[in-house]
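# mind looking at a prediction? Sequence and model below.
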Amino acid sequence: MMDLGRLRALHAVAVHGSVGRAAGALGFTPSAVSQQIAKLERETRTVLLERQGRGVVLTDAARRLAETAQQLLALVEQAEVTLEEQRGQAVGRLLIAAFATGARGLLPRALADLRERCPELDVRLLETDPYLAAELVARGEVDLALVQDWPTVPLSVPAGLSRLDLGPDPVDLLLPAGDPLTELAVVPVARLLGRRWISVPPGNICHDWLVRTMREAGEEPDVVYQVGEFETQIALIDAGLGLGLVPRLGRGPLPAGVVARPVEPEPSRRVFALWRSQASRRPAITAALTAMREQWDGLAV
């Protein structure tokens, strides 16, 4: 009989595309994941991974086995739900995916509360973009995801997932302190044409929103600095190198050289949680959602 842990490792490699990323999602070292795959190859007498450049690719047999593994993992999840219901408490492992500012601005206190309330629950956290997080929940790689989107750039939610809307996260225009726009109480989007922007790289939901908004205003935005961390964006703004649109959640105090102004129309992203509907009865999911909701209600965003 094939070992479930080894099948889980193979499935993670299939989902994430590399041993390293699979290890990060599972909370193991790349070496441990490679060993699991090697044992599975010996167990099945089948080549599952092939070298390609500096990475690996799954063989056809591995892809078919990974699809079967996904079905088995779904059955295991159903069994875990049943056991937790019988015990009446959250136990086992709960893997949560979250976008960066959500992980920083909401989850630390929520996870601390969850640990206190559910001491037998092993909670893990994976920081990732909402686009990938939604897919990981649907595939069974993570149990719960904290995600965000924009009204004009809605996140595509796969079938079979449930959601809990937490609320809006307002976004401010951040400018160098000496910029003439700081004299305005509210900055119209039309006044932002022709400016140099600091934003996250393409493929990120925040970048997609900026591009779409400025196109609707009449121009392609000139994104001269593409950086993933909002803290780095703020440092560049502080140096007078451009403007940025930065959400309030997880932002922290601004340096003296950076001024925040609201924009008209007001940009605001929506923050919500996703999980597989079949796991809705699982006490661990219920407890985590409660902790997130209570923490969100106490935030001043």
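Structure's in. What do you need?
# can you give me the distance of residue 183 to residue 37?
Using C-beta to C-beta, to the nearest Å, one gets 61 Å for the distance from residue 183 to residue 37. C-beta here means a position set from N, CA and C on the backbone, and glycine is covered the same way.
# sorry, that was for residue 171
Distance check for residue 171 against residue 37: by C-beta to C-beta, it reads 43 Å.
# and residue 183 and residue 37? which has more neighbours close in?
residue 37 (22 against 9; other C-beta atoms under 10 Å).
# would you agree that one is in contact with residue 13?
Yes. The criterion here is C-beta atoms under 8 Å, and residue 37 meets it with residue 13 at 6.9 Å.
# between those two, what contacts are shared?
Between them, residue 37 and residue 13 share these contacting residues under C-beta atoms under 8 Å, 6 or more residues apart in numbering: 19, 49.
# relative to residue 9, how far out is residue 95?
Distance, residue 95 to residue 9, using C-beta to C-beta: 14 Å.
# which one of these two has more residues nearby?
Higher neighbour count among residue 95 and residue 9: residue 9, with 25 against 19, using other C-beta under 10 Å.
# what number of residues lie near residue 109?
Residues lying near residue 109 (other C-beta under 10 Å) number 15.
# er, residue 141 I mean
Neighbourhood size, residue 141 [other C-beta under 10 Å]: 24.
# which residue is the nearest non-sequential neighbour of it?
The shortest distance from residue 141 to any non-neighbouring residue, by C-beta to C-beta, 6 or more residues apart in numbering, is to residue 15 (5.1 Å).
# the one you found: what secondary structure?
Three-state call for residue 15 (DSSP: H, G, I helix; E, B strand; the rest coil): helix.
# so what are the sheet partners of the longest strand seen in the chain and their directions?
Determined from DSSP state E, the single longest strand within the chain is strand 161-176. Partners of strand 161-176 in the sheet, by DSSP bridges, are strand 244-247 (antiparallel), strand 258-261 (antiparallel), strand 268-276 (antiparallel).
# CA atoms only for the next helix or strand after the last one, dumped as CSV, please.
Looking back up the chat, that one is strand 268-276. On the C-terminal side of strand 268-276, the closest following helix or strand by DSSP states H and E is helix 283-297. As requested, the backbone C-alpha atoms of helix 283-297 are provided in CSV (Å, rounded to 0.1, in the frame of the first residue of the first chain):
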residue,chain,number,x,y,z
PRO,A,283,-14.4,22.7,13.8
ALA,A,284,-10.9,23.9,12.8
ILE,A,285,-12.3,25.9,9.9
THR,A,286,-15.1,27.4,12.1
ALA,A,287,-12.6,28.3,14.8
ALA,A,288,-10.2,30.0,12.3
LEU,A,289,-12.9,32.0,10.6
THR,A,290,-14.2,33.2,14.0
ALA,A,291,-10.7,34.3,15.0
MET,A,292,-10.3,36.2,11.7
ARG,A,293,-13.7,37.8,12.0
GLU,A,294,-13.1,39.0,15.6
GLN,A,295,-9.7,40.4,14.8
TRP,A,296,-11.0,42.1,11.7
ASP,A,297,-13.8,43.8,13.7
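# all the strands of the stretch 1-150 of the chain, residue numbers only.
Listed in chain order, the strands found in the stretch 1-150 of the chain under DSSP state E, counting those that start in this stretch are 49-52, 55-58, 92-98, 121-127, 144-149.
# how about JSON lines for these, with distance to residue 189 added?
Listed next are the strands of the stretch 1-150 of the chain as JSON lines, based on distance: least, C-beta to C-beta, whole Å:
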{"stretch": "strand 49-52", "distance to residue 189": "46"}
{"stretch": "strand 55-58", "distance to residue 189": "43"}
{"stretch": "strand 92-98", "distance to residue 189": "29"}
{"stretch": "strand 121-127", "distance to residue 189": "30"}
{"stretch": "strand 144-149", "distance to residue 189": "19"}
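# what's the most buried one of those?
When you average the neighbours per residue for each of these (mean count of other C-beta atoms under 10 Å), strand 144-149 leads with a mean of 24.
# what mean pLDDT does the longest strand of the chain get?
Mean per-residue pLDDT for strand 161-176: 95.
# in its sheet, what does whichever helix or strand comes after it sit against?
Next along the chain after strand 161-176, taking DSSP H and E as the criterion, comes strand 187-188. As defined by DSSP bridges, the strand partners of strand 187-188 come to strand 263-264 (parallel).
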